[in-house]
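Chemist: Make a model of this:
(2 chains)
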Amino acid sequence: MACPCLIDRSWRLHRPASGRWLGGIHLVRAVCVIGASLVGVTSMVNAAASPHDGRVHVAYWEKWAGPEEAAARTVIDAFNRSQNRITVEYFIQSPIDRKTLVAVAGGDPPDIAGLWIHNIASFADAEALTPLDSFIEADGLTKEQWLDRYYPVYARAVQHSGHVYCGIATPEMIALHWNKTLFREAGMDPERPPKTLAELDEFARRLTKRDPQTGALLQVGFLPQEPGWWPWIFCRWFGGQVFDGRNITLATDPHNIAAMQWVASYSKTLGRDAVTSFASGFAGQMASPQSGFFSGKVAMIFQGVWYNNYIRQYKPGLDYGVAPSWPTVVPGIDDFAMAEADMLVIPRGARHPREAWEFIKYMNSHNQNAQTREELQGMELMCYLQQKNSALREWSPFFTNHHPHPHIDVFRKLSASPHAVSVPDVGIWTECEREILAAFADIRLLRATPEQALTAAQRRLDKSWTRHRESLERHGQLPPSGVATSP
Amino acid sequence: MTARERRQVFAGIGFTSLWIVGLGAFTAYPVLASLYYSFCDYSILKEPVWCGLENYQQLFTDDLFWLSLRNTLFYAGLSVPLGTFVSLGLALLLNSDVRGKPFFRVIFYLPSIVPVVASSMLWLWILNGQVGLLNWILAPILEAFGGTPPAWLVDPTWAKPALIIMSLWGTGNAMVIYLAGLQNVPKELYEAAEIDGATGLRRFWHVTLPMIAPVVYFNVIMALIGSLQVFTQAFIMSAAAGGGTGTGTDGFPARSTLFYTMHLFATAFYDLRMGYASAMAYVLFVLIAALTWFATRVSRERMSHVQ
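Modeler: Coordinates of the predicted model:
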């Protein structure tokens, strides 16, 4: 689209001045140039986003490139072919959370964004997300019916403050992986992972090797900081909570202290400096053959269902196992597990929320009767291609029997666990996570006792939580003295 | 103002209007808006709510504000003098009559045009505690004295020094500016000093340094501003060394590399506390302005001979 003033080809600045308006005309022209440029750019963007094919084009922003992107595009193609009204278009955006945030603030968000699980509570409290409750109801389902299709841990993960805010793009479970070759070399049964915490510690001890001359570590059985992504999970594993639904309980829950004492015990046993030096050799090398686990320096590690893809790429042929359960810590709970997930949300202000919901609904459904690869749909197709577990309780015959992940049964069992947990549902989770990471580092480096480190973190988090609630009250999202987040 | 002058003024405004609009929309407005937001409870997604000085009051009781400030001042306090010393030293060497001078100038300048992300990945390997190049060099030396090389990026004691060493990688820019300054020093001053019996060190101290004082001042101020805003390399190294933990903003390990701008960034874009982050930005602005003013005041007298 051209601005009318540009059609006037009279850029004749040397023309005799038509009085004092000459300068004003230049000014107007300059503004028109800017306006025309903006209109032109906007028109091009709109033209790209809305081809005249009679279908609604839904913009889907996702963080993944590579194999995950290829899988997502396959599923999107299947969705686009499955009906004749909506076309979903995949755009890679990184970092997805900040791009989405800015786009929402700018009033031009995508229709769908693939956020991280830890974004949901804070984005919901910031009113960046569209609750999905009304879409679920419009489809004739109650919220309970919708959520009941998921395993309990995932049903909890898609909610915040009693509302459903997201669907799941790809679910994941975390499990203990062990290197069978290193077990064999240590004279241990390669088919038997540790079943209790005491066994984990004992196995770790037996799998540790040192240089006879220098005493330097050559191999360790287990390191709490490898990979170090979820130190908070140790608190939950030990029966503790970081947030009880009303308050931060990082330092007040004795189970958390016990968990961090266990973390510190590894540094004390192996030697802090020895561990630091040893771990520095594979720091930041998770996605490479030099990672601690792939290079045979760490014998056991907690990793996700995705790890098999990394093993195929970086250490093909690695003889490894996935423990059917996390080692028991709390007596009576032998099915503890941890879930992760990539989430699908409809940002506030999205242009096509109804169509976006149709895609999210597709991605969170499946063909219960699929007998072949071609009959897989939605979540099962995505999880088949990405070799991950499904978040839905029901699995089709083909997905169950022909899943490419060699240990998928373990991950299915873990998904179904009533004691599986995921990221705590608290609106200041990013701060919580950083505090826990810092405390975890202080504890494992023996710079502070667990009590000292957790108390310092708790003090800061208490202030943040109070401030967060005050902010919600200021913006009318909470009644005075209310709470932001349900347990 | 005559009609002609008025026309010229309007024409001038017309020609510069694009720049004026750009400056207003993309610089002046955000700067002023962020000043306003620093007095608000503002998350970027909701309407700002005026809260007076609350953000500033909270700032000065925030442990992490002080920690990040300490980390940043430590970094600036060491990296600026060290960078100045190295870049000036290189410039002096490359200003002398050595064979292959253009080649060495290119070699020393090249690292400064390597993207920070790429050079950070390279330094991640150089600083690897087990198989890194730096420790490969240091290990035999330190072992002779019964010591061991540090684990650099995963050791809270050595993570900041590692980043300071890494900052030397980008001294090529300052080196080129020093070179230009050195080549502007009149030859007759050196000849006069030589006739007076001045040795090389005296010539440097009494001729070279005073004559390039404005260049030193410029480079030091730029380095100071840059080091107080250090972000990218620390963000990347922290995230990579921590294995992706905390999205790079936790100052891994144990907040030893939590610099001011990283804390600001995390507060704004992860915690969605844009008002508080705006207050942090203004404190940093005042700090940089004060240090620049101080440096200008200190150097004014010393540069009077070349002004």
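
Chemist: tell me the centre residue of the chain?
Modeler: Went with chain A since none was named. Centroid-nearest residue in chain A, with C-alpha atoms, centre = their mean: A:Trp116, separated by 3.4 Å.

Chemist: I was thinking of chain B, sorry if that wasn't clear
Modeler: Chain B has B:Gly226 as the residue nearest its centroid, 2.0 Å off, counting by C-alpha atoms, centre = their mean.

Chemist: ok, now which ones touch that one?
Modeler: If you count contacts by C-beta atoms under 8 Å, 6 or more residues apart in numbering or on different chains, B:Gly226 has none. For glycine as for every other residue, the C-beta is placed from the backbone atoms N, C-alpha and C.

Chemist: Please identify the buried residues of whichever strand or helix holds it?
Modeler: Element membership for B:Gly226, per DSSP states H and E: helix B:213-228. For helix B:213-228, burial by neighbour count (16 or more other C-beta atoms under 10 Å in any protein chain shown) applies to B:213, B:215-221, B:223-224, B:226-228.

Chemist: Which helix or strand lies directly C-terminal to that helix?
Modeler: Once the chain leaves helix B:213-228, the next helix or strand it forms, by DSSP H and E, is helix B:232-241.

Chemist: how about CSV for the buried residues of helix B:213-228, with pLDDT added?
Modeler: Conversion of the buried residues of helix B:213-228 to CSV gives the following (pLDDT from 0 to 100):
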residue, pLDDT
B:Ala213, 92
B:Val215, 94
B:Val216, 94
B:Tyr217, 93
B:Phe218, 93
B:Asn219, 95
B:Val220, 94
B:Ile221, 94
B:Ala223, 95
B:Leu224, 94
B:Gly226, 94
B:Ser227, 96
B:Leu228, 95
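
Chemist: The residue lying closest to B:Gln229 once chain neighbours are set aside and chain A, how far apart?
Modeler: If the residues on either side of it in the chain are set aside, B:Gln229 comes closest to B:Thr261, at 5.4 Å by C-beta to C-beta, 6 or more residues apart in numbering or on different chains. As judged by C-beta to the nearest C-beta, to the nearest Å, B:Thr261 and chain A stand 15 Å apart.

Chemist: give the contact list for B:Thr261.
Modeler: Applying C-beta under 8 Å, 6+ apart to B:Thr261 gives the contacts B:Thr72, B:Gln229, B:Val230, B:Phe231, B:Leu284.

Chemist: repeat for A:Ser288
Modeler: Contacts of A:Ser288 by C-beta under 8 Å, 6+ apart are A:Phe294, A:Tyr314.

Chemist: Now it: which helix or strand?
Modeler: Counting by DSSP H and E, there is no helix or strand that carries A:Ser288.

Chemist: what residues does the stretch 251-400 of chain A put near chain B?
Modeler: By the criterion of C-beta under 8 Å from any C-beta of the partner chain, the positions of the stretch 251-400 of chain A lying close to chain B are A:Thr276, A:Ser277, A:Phe278, A:Ala279, A:Ser280, A:Gly281, A:Phe282, A:Ala283, A:Gly284, A:Met286, A:Arg348.

Chemist: pLDDT at the fifth one, what is it?
Modeler: If I follow you right, that is A:Ser280. A:Ser280 is assigned a pLDDT of 89 by the prediction.

Chemist: Could you report the neighbour count for it?
Modeler: By other C-beta atoms under 10 Å in any protein chain shown, 26 other residues sit near A:Ser280.

Chemist: which ones are touching the closest residue to it other than its chain neighbours?
Modeler: Sequence neighbours aside, B:Gly129 is the residue nearest to A:Ser280 in space, at 2.6 Å (criterion: C-beta to C-beta, 6+ apart). Contacts of B:Gly129 were listed using C-beta under 8 Å, 6+ apart, and they are A:276-277, A:279-281, A:283, B:135, B:149-155.

Chemist: Confirm that B:Gly129 sits in a helix.
Modeler: No. Using DSSP: H, G, I helix; E, B strand; the rest coil, the assignment for B:Gly129 is coil, not a helix.

Chemist: and it, backbone torsions?
Modeler: When read as degrees, to the nearest 10, the backbone of B:Gly129 gives phi -70, psi -30.

Chemist: Just give the number of residues close to B:Asp196.
Modeler: Neighbour number of B:Asp196 under other C-beta under 10 Å is 10.

Chemist: Pull up the gap between it and B:Trp205, please.
Modeler: In this structure, B:Asp196 and B:Trp205 are 13 Å apart, going by C-beta to C-beta, to the nearest Å.

Chemist: residues near A:Lys143, how many?
Modeler: A total of 16 residues lie near A:Lys143 under the criterion other C-beta under 10 Å.
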